[in-house]
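> what follows is a predicted protein model with its sequence.
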Amino acid sequence: MATGLNSSGVDARRHGSSLLLSHRARRVQRITGLLGSGFLLAVTSLSTFAVLFIFFFIARDALPFFQLQGFTQFFTSAHWYPSSATPEFGSLAIFVGSGLVTLGAALVAVPLGITAAVCLSDVLPFSTRQVVKPVIEILAAIPSVAYGFFALVVFAPLLQERGGQLLQVASWVIGAPMAILGVVVAGDLLTDRIPAGARSGARWILISVLGAVAFWGLWRLGVSLGGITISSGTNALNVSIILGIMALPTVVSVAEDAIQATGRELREGSYALGATRSETILRTILPAASSGIMAAVILGVMRAVGETMVVWMASGNAAQIPQPWYNMLQPVRTLTATIAGDMGEADQATGSSRFHVLFAMALCLLVFSFICNLVSEWGVRRTRRKVGR
Amino acid sequence: MKTINKVMAMMAVVGMGVGAAVAADANSIVVDGSTTVGPVAKAFAEYYMGKHQSVNITVSESGSGNGAKSLINAACDVATMSRPMKNSEKKAAQDAGVLAIEHVVALDGLAVIVHSSNPRGNLTIEQIRDIFTGKITNWRELGGRDQKIVVISRDTNSGTYESFNELVMKGQKLKGAAEYVGSGGAIRQRVLSTEAAIGYVGLAFTEGVKTLQVNGIIPTPETVIAKTYPIASPLYMYTNGRPKEGTALHDFVNLCKTPEGKRIVEDTGYVPVK
Amino acid sequence: MRLETRKLLDRSFTASGVLAIVLMTSALVILLAPMFIRGSGAIFFTGTVEHRRLMMEKFERGNRPTIEAEIASARAAREPVYRMMAEFEKQLEAMPATERRKMTTQLKELKKALRSLLGPAPGEIRPMLMRDQFGQTRWDRAQVKLGRVMFREEWDYSHPERGSVKVMKPRADDFAGTALAPLFPYLSANLDKMLLPAKTVYWQFLTDESFDSHFFGGIWPELLGTFYLTVGAMLFAIPMGLIAAIYLTEYAPENTFVSFLRTCISTLAGVPSIVFGLFGLAFFINTLGVSQSKSVLVGSMTLALMILPTVIRASEEAILAVPRTFKEAALSLGAGRWHTVMTVILPAALPGILTGIVISMGRAAGETAPIIFTAAVSVGKPLALWQVFTHPTPALSWNIYNLATEHEAMDEIRHVQYGLVLVLVMLVLLLNLTAILLRARVAKRLRG
């Protein structure tokens, strides 16, 4: 196209003051333009069609499994004995394992992440935000294998040796501030209706009673948690916490974007009506940003589901459904870890179901992340539309 | 325009490089397969590369099954395996035009290991089987402490797992709660740090943990050679066809028959072949 | 509700937000602290004379006469140990059979412990494995090994209600009254003379090859492998990503096909990393046959695919952030569309694009799952440039996994594992720091 431009310049001079291009030059320019954008389109399509290729190749190797083994056993049985003489490919336990770990990660990442996102966008002053942002970026940048190494080498032995005490400390670190906040707020709310004269005294009495109850409860909880012995440090709890931390940056940054996207006008309108900051955020901003926040949660969940190294290294890889199912202290096996760990034995040439079952799992992961992606995209778009940007 | 030209040129160069470099050179040996044979293979590689500077040997430990697969796909020169090749694998190799030749590099006894605090000193094969199938779930049932048994197994892609399955489990299935880890070293590490754990490893991985007597016999080089220890198996290397004499590959797979090779095998903790 | 209550609610809301941030920051600190503290131990540590001997024998490093003098003085300090052993062996022969058998086993254990502390005894045949040829090279490990020499672990099962109790039995008691009795006080008093600990800075950890499956030496092959993989991935991802971004921002019409393309890109961003690995194996190796087996090239291509969406998105954003006026000015001066892109928009968007590229470089360097089946091996020599098309390579990320879970003696080489983690984390953090600085520059430029 640069040549097109040059020739047009030359043409322009030749034709005197006329800015019109010659017929030929115009055609050359049009063709080079078309060719150029065609080339660009081709390269763009190449890179984007990669995802179709991925779908195609994973599905191509996954379908034979369903043809050979059908769907029922794969999705409903928890018997995972892929390499025995009479192989069984019941992957229910593995799906449950993935689900449990992801649920745990979401329990860590979602409350923490959304609170942090609100705090970042609306509470903290600009200078503090500049300090906190890199923290999130670093958390996001640390390679997953480093997280896995931490989970396996530092966290798992710690959990195994002083798991009870650790849970106790954690319950205090999270519980105590929450209890203080809850008690003070509850005391204030409950004494709201009492006439002003007696209010202050009543409030203090109520707060001390509630406080005592709360701390007694915390203490009891701490003691019972402290009595737990964890027989194996590589378990669902370990992985959940680490995955939660890994998913945090995603949740925080997407949620923060969504909250910021609601714009100044909403906030100013709410403040003008006399609302405090917390009321503005809870009643106005969060509902307006809800679909964006949902997108944040979904992206966080996707990160947790798709993560391989941490679960492979530190989940224990036991293909069992924990008893009871929410028992986080037992080892579990996940889809990603199964793919990574079992690919060694699997082979097209030998035991073909053994090979194709892993692709079937990969296909499930793919479909899941595809659906999540569509939903989250829809969420982000909806927030934008809602606030009119 | 200039930039795009540069980019195109760059890509072209890369592309041509790909074409030119596909042919593999003779002085490199790619070893893939068992993590159990890994220590031997790595020590052999190091020793051999120390003697012959021009030879590059890479060793991956992705499991016996993967080793067989790589050999069939001509992706490696030597497949290390801690179990013999299955018939299905041999057939697949034949179909792919690969003639898998077996070399026994060492003997290995599968040691059943527990935490060194465990008072239990011996188990019978039946008891071990019952523990691994989940019939026995507490050490108390075996007269030990009141602790839930933590069962640790090698990943299903390992030859050690297959050998254990064949020699001990006799076709019965491991319980679902068994934890799977990627290598003998990892089992040792887990047993080392878990009081109630039981696992099985190659002889090279027994440092610091308590090795149980099986049917009253402790695995040692002597009992393994004499075949009195009930769960013992050879370790293999497989090559495509018989390697030509004088090639690096030939020297490498036959290293185990030289005195130095035998000492390497011994030092890594396995039993050299005669 | 009263105003005070509402204010209180407001304040507690703020407090919980701050709590969340504090928790997040402390998580980062807890995560990074062990990596930095123990990771730096791979480079800065108290090395023994064995370390200096290793450096001299393997790399010709250090001043030969000084080190030889050190070795001689260490040998002199060790001499009484071996003399006592020899004396004891003489005594042993005179013992009654049952006692002799018991003592022989104990002597065997002691010898093993001693050998792992000090290396092979003088006169012993040189062992084959390097880990047996040298004593402890690190003073911290030597202390642990000294503990093994001094004490024997025993378990007391006599109180079943308390479970098994660990008892550390001094070996000195086992050998009381024999020629070996003075060995133990001598060892603990003179270990520093036998091993001559000295502060060591081992920068070459980064540039040395590893020996005896990472028992000794450095991490050069891994570092180089990661470098090749990352640069290779960028070679594929940058041109493709840039072109796609230019097309999508400057050329693409708003039609269904283009929005389909966009959906594809965002789906690609959500594909789990292990699936990329499977795809790389199934497509690049098994279908296209880019290389016969795992190779750096295939690994790079797989990684490139993984980071492509990040590169596209970042470049798109950077291009869109260029003020419209720039483009309009260029167009009004008669520049063609392509000309405008190349001479006006790209230069203005360059820092933003670079930011995205640098961040995705960090991701490519750190990712493990895609290279498991496509590029990574646990042990290998550093590759020459032309070998990247056909050879697999060790890489930082994979070897962290490998050494931490598959190595035969993983607790002996914790310092190498932490060293690998630290190097990888530092690498990624440096890349991110570059990105942050770049972004600050962009912000300044767009403001000013």
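Okay, I see it. Bear in mind the structure is a predicted one, so any value in this text is a computation, not a measurement. Numbering: from 1, shown residues only, chains lettered A, B, ... in the order given.

> neighbours of residue 235, how many?
All of this is about chain A. Around A:Asn235 sit 27 other residues, with neighbours defined as other Cβ atoms under 10 Å in any protein chain shown. Quick note: C-beta positions are derived from backbone N, CA and C, even for glycine.

> not what I meant, chain C
18.

> wouldn't it be in contact with C:Ser300 here?
Yes - between C:Leu235 and C:Ser300 there is a contact at 7.2 Å, judged by Cβ atoms under 8 Å.

> would you map the strands across the stretch 101-250 of chain B?
Here the stretch 101-250 of chain B has its strands, by DSSP state E, counting those that start in this stretch, at B:111-114, B:122-123, B:150-154, B:179-181, B:197-201, B:210-211, B:213-214, B:232-240.

> who wins for proximity to A:Ile207 among the ones you listed?
Of all the strands of the stretch 101-250 of chain B, it is strand B:150-154 that lies closest to A:Ile207, at 46.5 Å by Cβ to Cβ.

> avg pLDDT for that closest one?
Averaging pLDDT along strand B:150-154 yields 90.

> would it count as contacting chain A?
Yes - counting by Cβ under 8 Å from any Cβ of the partner chain, chain A is contacted by strand B:150-154 at B:Val150.

> other residues contacting that strand?
Contacts with strand B:150-154, where a contact means Cβ atoms under 8 Å, 6 or more residues apart in numbering or on different chains, come from A:231-232, B:131-132, B:134, B:160-161, B:164, B:174-175, B:177-184, B:187, B:190-191, B:194, B:196-200.

> which other helices and strands contact the lengthiest helix in chain A?
Under DSSP state H, the helix in chain A containing the largest number of residues is helix A:23-69. Judged by 3 or more Cβ pairs under 8 Å, 6 or more residues apart in numbering or on different chains; DSSP states H and E, helix A:23-69 is in contact with helix A:2-14, helix A:352-386, helix C:220-246, helix C:256-270, helix C:273-279, helix C:296-321, helix C:337-340.

> residue contacts, residue 240?
Using chain A. A:Ser240 makes contacts with A:100-101, A:103-105, A:107-108, A:328, as judged by Cβ under 8 Å, 6+ apart.

> was after chain C, sorry
Contact analysis of C:Met240 by Cβ under 8 Å, 6+ apart lists A:43, A:46-47, C:304, C:308, C:311.

> now do A:Glu279
Contacts were defined as Cβ under 8 Å, 6+ apart; by that measure A:Glu279 touches A:270, C:6, C:9-10.

> mind listing the strands for chain C?
C:44-47, C:151-156, C:165-170, C:198-201, C:210-211, C:216-217 (DSSP state E).

> gap between the nearest residue to B:Asn240 once chain neighbours are set aside and C:Leu288?
With Cβ to Cβ, 6 or more residues apart in numbering or on different chains as the criterion, B:Asn240 has its nearest non-adjacent residue at 4.9 Å, and that residue is B:Val98. In this view, B:Val98 and C:Leu288 are 21 Å apart by Cβ to Cβ, to the nearest Å.

> who has more neighbours out of those two?
Taking neighbours as other Cβ under 10 Å, B:Val98 and C:Leu288 compare with B:Val98 leading, 20 against 11.

> my guess is the more buried one contacts B:Ile72. True?
Yes - counting by Cβ under 8 Å, B:Ile72 is a contact partner of B:Val98 at 5.6 Å.

> and the most centrally placed residue in chain A, how far from A:Thr308?
Centrality entry for chain A: nearest residue to the mean C-alpha point is A:Gly300, 0.8 Å, by Cα atoms, centre = their mean. Distance of A:Gly300 to A:Thr308, given as Cβ to Cβ: 17 Å.

> so which of the contacts of strand B:150-154 reach chain C?
B:181-184.

> mind putting these in JSON lines, pLDDT and neighbour count included?
JSON lines is the format used below for these (pLDDT from 0 to 100; neighbours: other Cβ atoms under 10 Å in any protein chain shown):
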{"residue": "B:Val181", "pLDDT": "84", "neighbour count": "24"}
{"residue": "B:Gly182", "pLDDT": "77", "neighbour count": "26"}
{"residue": "B:Ser183", "pLDDT": "81", "neighbour count": "27"}
{"residue": "B:Gly184", "pLDDT": "84", "neighbour count": "33"}
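
> inside helices: which ones of the residues you listed?
Among those, the members falling in helices (DSSP H) are B:Gly184.

> which members of the ones next to chain C among the contacts of strand B:150-154 additionally contact chain A?
Checking those against chain A by Cβ under 8 Å from any Cβ, the ones in range are B:181-182.

> can I take it that A:Ile321 is in a strand?
No - applying DSSP: H, G, I helix; E, B strand; the rest coil, one finds A:Ile321 to be coil, outside a strand.

> quick one: contacts for it?
A:78, A:92-93, A:96-97, B:176.

> among those, which one lies nearest to chain C?
Of all these, A:Gly97 has the smallest distance to chain C: 14.9 Å, by Cβ to the nearest Cβ.

> okay, that closest one: pLDDT?
A:Gly97 is given a pLDDT of 93.

> just the one 10 residues further on next, same as before
The predicted local distance difference test score for A:Leu107 is 94.

> what is the burial count for it?
By the criterion of other Cβ under 10 Å, A:Leu107 has 14 neighbours.

> quick check: phi and psi at it.
Per-residue torsions, A:Leu107: phi -60, psi -30 (degrees, to the nearest 10).

> ok, now which ones touch it?
For A:Leu107, the contact set (Cβ under 8 Å, 6+ apart) comprises A:240, A:244.

> state the distance from it to chain B.
A:Leu107 sits 23 Å away from chain B, going by Cβ to the nearest Cβ, to the nearest Å.

> circling back to that earlier point, what's the next secondary structure element after the longest helix of chain A?
Next in sequence after helix A:23-69, counting helices and strands by DSSP states H and E, comes helix A:72-76.

> contact partners of the next helix or strand after that next one?
Following helix A:72-76 in sequence order, the next helix or strand is strand A:80-81 (DSSP H and E). The contact list for strand A:80-81 (Cβ under 8 Å, 6+ apart) reads A:87-91, A:93-94, A:319, A:333, B:173-174, B:176.

> how about stretch C:134-146: buried residues?
For stretch C:134-146, the neighbour count (16 or more other Cβ atoms under 10 Å in any protein chain shown) marks C:134-139, C:141-142, C:145-146 as buried.

> let's have the residues you listed in JSON lines, adding pLDDT and distance to chain A.
Compiled in JSON lines, the buried residues of stretch C:134-146 are given as follows (pLDDT from 0 to 100; distance: Cβ to the nearest Cβ, whole Å):
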{"residue": "C:Phe134", "pLDDT": "90", "distance to chain A": "25"}
{"residue": "C:Gly135", "pLDDT": "89", "distance to chain A": "25"}
{"residue": "C:Gln136", "pLDDT": "91", "distance to chain A": "21"}
{"residue": "C:Thr137", "pLDDT": "91", "distance to chain A": "21"}
{"residue": "C:Arg138", "pLDDT": "92", "distance to chain A": "18"}
{"residue": "C:Trp139", "pLDDT": "93", "distance to chain A": "22"}
{"residue": "C:Arg141", "pLDDT": "92", "distance to chain A": "16"}
{"residue": "C:Ala142", "pLDDT": "93", "distance to chain A": "22"}
{"residue": "C:Lys145", "pLDDT": "92", "distance to chain A": "21"}
{"residue": "C:Leu146", "pLDDT": "92", "distance to chain A": "23"}
